[in-house]
Each structure stands twice: as structure tokens, then as C-alpha cells.
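Engineer: Mind looking at a prediction? Sequence and model below.
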Amino acid sequence: MKFSTLAIPLVLLTFDLVSCLPASIFSSGESLTRRDDLLEVSTSSKASPCSLLDLDDAQSLPGWGQLEQYARTTWGEGEWKITINPPNYKDKPATMCVADPVPVLITGDTNCNVSRMDIQPENHSNRIKVDEGYTNTGYWNITNVTSAAHAEFFVGKFQMPNITSERLYSLKGPGEFINAPLNSFVTVATNKTIKTTNVTPVADKHCIGTIRNEQCITPARGRIQLVATGYIWFTYKTKRAPLANPDGGKHARYTVKIEDVLKNATERSAWIDFNGYMNTTMRYDYFDECRWNFQL
């Protein structure tokens, strides 16, 4: 199905999950508003890992010519009509689906800053909430879209790369995106945990928690593969038997299963490219610290 307008997807995720937001809202001091340079594309409000294939989608596949040639060598030449997803054959669909997981690849050096963060007790108590773990936030721009499944709203799993040699984290999780030009999205993968602990009070001292905070910026890119599967219907103007069985039954309509003919997935695929960077935060090495509480 083709669309002419662009809605920006929003999803919030937790452990091993990915969300999507327009990158423009993360600029300093900028509110949650639509960028003027973004196209507006109207889509379904619910993302899906697959969209229904149509004839234009199928004909744009690298291996489309092989599918037509298969029909000619199997049932012969002649005038035909090609249909996909006919309403009376719901049990034989044809779809374009995201190939999971979508690999995210590092393209440059990682720059990191390391510091220790103070964590104050809650409400003058000895109770402290400790935020530990790893969060990978990616800011992406779509740089190449496909004519197949254009403007469809997809969900897929993103495989985030390892960032440092000291602490190797590799998370994956679902993310939502639109196959449309000038579209931006954000991925967030995390294994962060929040636990509550108590500091031991010390007379005449102010006790707090402290944790190591390592924040890194890493350029990266990725390629989303959409793969076609399912049935294509060839309806001939005249009935005929298969060429391999000329005495067999004659029919006007025959089906081709895409993946049976195009066994190599690249021949029935289209790709969406994106690039940007990852902002990763690692918090670990927590301990209590008590400081003199001087009164002037």
C-alpha cells in the first residue's frame, strides 16, 4: 500500500528493548515538535514485522525476472494476469518481513568520559536508590529506503554492538521505524537495574553513595533487510496443463511460492540503510562514602 503523508513512531522500552523517537526532539532546548524538514507520512498506528506484498513490491525485487521465467518454463507462454494476496485466498499470503536481528555496526572511534557520581539519600534518610547497569541510546537517520513496502510502519529487533574492550555488552531488542525518506528514529537498549540500599550513618559525617559513570559516543550504521515470502498467482487467458505433464489436468490459474524459486534471500530482499551514533552509559563500582559535616 502506498502513502503520501509521514507519522513519527513512538515507543518506550525497558530491559533489552528498543524504542523509536524522532532525533530532532533530543536537540538542546527543543520541545516535542515535528521538524519542518520531515515529510509527513500517514501509516497504521501499530507497527508490524511484516507488510502485505503487492505487485509493485514484487516487481522491484532483484529476482523478479526469475519468477516470470519459472512460470514460462513450467506452464508455458501466453497472456497472463499476475495477482498477489487475492481476497479469496487468505491462506496463501505474500509478505515483506524484517529479517531479525538488524545488525548495528561501529564505523569509528569511541570517545569516553569517566567520572564518579554522588547519590544522595532519600528524604534525609539512610536509604539510597542505586542505578547500575548499561544503556545504549542510538540516534539514527534513514539514508536509503526501498520502493517495496514504501511508507510502511515496521518493528524489528536491533542487535547492538560491543562498545569497549573492558566491559563487553551486546544487547538486542525491538525497534519501530518507517520506510520513508527523511525519517529519524532512536533506539534504546538497556540492562539497567535500580536497587535500594542503606548507608551506615557515621557521627558528624554526611554519608552518601557514589558510583562510577562512564559515558561514550560511538559512530555507527546499520542495514535493515526486508525479505519477501509467500505466493504469486499467474492466471492465464487459456487453460493449460503443466509442460512436464501435458496429459494432466488443465487449469488457468497457477501459483508460485517465492522462496521455492528464489532460494537465495538476497534475490527477494530490499534494504533500508541508516546511520548515526550511539550514546552509551555504564554505571558500576558502587560504594558508600562519608564526609565530614562541618558547621560554620
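Structural biologist: Received it, and whenever you're ready, just let me know what you need.

Engineer: Only C-alpha atoms from now on, for both contacts and neighbour counts.
Structural biologist: Noted.

Engineer: For the chain, which helix or strand comes out least confident on mean pLDDT?
Structural biologist: The weakest-scoring helix or strand in the chain, judged by mean pLDDT, DSSP states H and E, is strand 172-178 (a mean of 83).

Engineer: Parallel or antiparallel, which strands does that one pair with?
Structural biologist: strand 153-159 (antiparallel) (DSSP bridges).

Engineer: I'd like the mean pLDDT over the partner strand, please.
Structural biologist: Strand 153-159 shows a mean pLDDT of 91.

Engineer: Tell me how far it lies from the chain's centre.
Structural biologist: 3 Å (C-alpha atoms, centre = their mean, to the nearest Å).

Engineer: hmm, back to that, continuing past the least confident helix or strand of the chain, what's the next helix or strand?
Structural biologist: strand 184-190 (DSSP states H and E).

Engineer: For residue 223, give the beta-bridge partners.
Structural biologist: With DSSP bridges as the rule, residue 223 is bridged to residue 273.

Engineer: Need the three-state assignment for residue 90.
Structural biologist: coil (DSSP: H, G, I helix; E, B strand; the rest coil).

Engineer: Please read off the pLDDT at it from the model.
Structural biologist: 91.

Engineer: leaving aside the residues next to it on the chain, what's closest to residue 52?
Structural biologist: Spatial nearest neighbour of residue 52, chain neighbours left out: residue 95 (4.4 Å); criterion: C-alpha to C-alpha, 6 or more residues apart in numbering.

Engineer: With residue 141 instead?
Structural biologist: Nearest to residue 141 is residue 184, by C-alpha to C-alpha, 6+ apart, at 4.5 Å.

Engineer: What of residue 133?
Structural biologist: residue 192 (4.1 Å).

Engineer: Kindly report the same for residue 61.
Structural biologist: Spatial nearest neighbour of residue 61, excluding adjacent residues (C-alpha to C-alpha, 6+ apart): residue 268 at 5.4 Å.

Engineer: Tell me which residues touch the residue nearest to residue 52, please.
Structural biologist: By C-alpha atoms under 8 Å, 6 or more residues apart in numbering, the contact set of residue 95 is 50, 51, 52, 53, 227, 228, 229, 230.

Engineer: Go ahead and confirm the residue nearest to residue 133 touches residue 135.
Structural biologist: Yes: counting by C-alpha atoms under 8 Å, residue 192 does reach residue 135; the two are 6.5 Å apart.

Engineer: quick revisit: sitting in strands, which of the contacts of residue 95 do you find?
Structural biologist: Those of those mapping onto strands are 50, 51, 52, 227, 228, 229, 230, per DSSP state E.

Engineer: Out of these, the closest to residue 213 would be?
Structural biologist: Nearest to residue 213 out of the ones in strands among the contacts of residue 95 is residue 50 (C-alpha to C-alpha; 39.2 Å).

Engineer: which residues does that closest one bridge with?
Structural biologist: residue 97.

Engineer: how near is it to residue 131?
Structural biologist: For residue 50, the distance to residue 131 (C-alpha to C-alpha, to the nearest Å) stands at 37 Å.

Engineer: Between those two, tell me which one has more neighbours.
Structural biologist: Using other C-alpha atoms under 10 Å, the more surrounded residue of residue 50 and residue 131 is residue 50, with 21 against 17.

Engineer: dump the residue contacts of the more buried one.
Structural biologist: Contacts of residue 50 (C-alpha under 8 Å, 6+ apart): 95, 96, 97, 98, 154.

Engineer: give the contact list for residue 82.
Structural biologist: Here residue 82 is in contact with 55, 232, 233, 234, 235 (C-alpha under 8 Å, 6+ apart).

Engineer: Return the set of buried residues in the helix or strand encompassing residue 237.
Structural biologist: Assigned by DSSP H and E, residue 237 belongs to strand 205-240. Within strand 205-240, the residues that count as buried by 16 or more other C-alpha atoms under 10 Å are 207-236, 240.
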